[in-house]
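Peer 1: Give the three-dimensional model of this entry:
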Amino acid sequence: MVITYRVPDISCDHCKMTIEGEVGKLPDVTAVTVDVEQKLVRVEGEASEAAVRAAIDEAGYEVTAVAR
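Peer 2: Residues are numbered from 1 along each chain as shown. The predicted structure follows:
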């Protein structure tokens, strides 16, 4: 399953690395890619939407939209 999250506060490579680090810790995530320009986080795997949102929140960012 692939889910894309819109995270408007992404602005640099530090944001990218922080989000990828937190979301990548989730056991059911097989891949996470952050597009700084588009302000999107693409997550592959079976992690729940709630778990991914919590990880992004833990990294200090807020999800504003989700696309499946």
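
Peer 1: partners of the spatially most central residue of the chain in the sheet?
Peer 2: Closest to where the C-alpha atoms of the chain average out (C-alpha atoms, centre = their mean) is Val41, at 4.1 Å. Val41 has these beta-bridge partners by DSSP bridges: Tyr5, Val34.

Peer 1: which parts of the least confident helix or strand in the chain by mean pLDDT are buried?
Peer 2: Lowest mean confidence among the helices and strands of the chain (mean pLDDT, DSSP states H and E): strand 65-67, at a mean of 94. Judged by neighbour count using 16 or more other C-beta atoms under 10 Å, strand 65-67 contains no buried positions. Any C-beta I mention is one placed from the backbone N, CA and C, and that applies to glycine too.

Peer 1: Ignoring the adjacent residues along the chain, who's closest to Glu20?
Peer 2: In space, and not counting its chain neighbours, Glu20 is closest to Val32: 5.2 Å by C-beta to C-beta, 6 or more residues apart in numbering.
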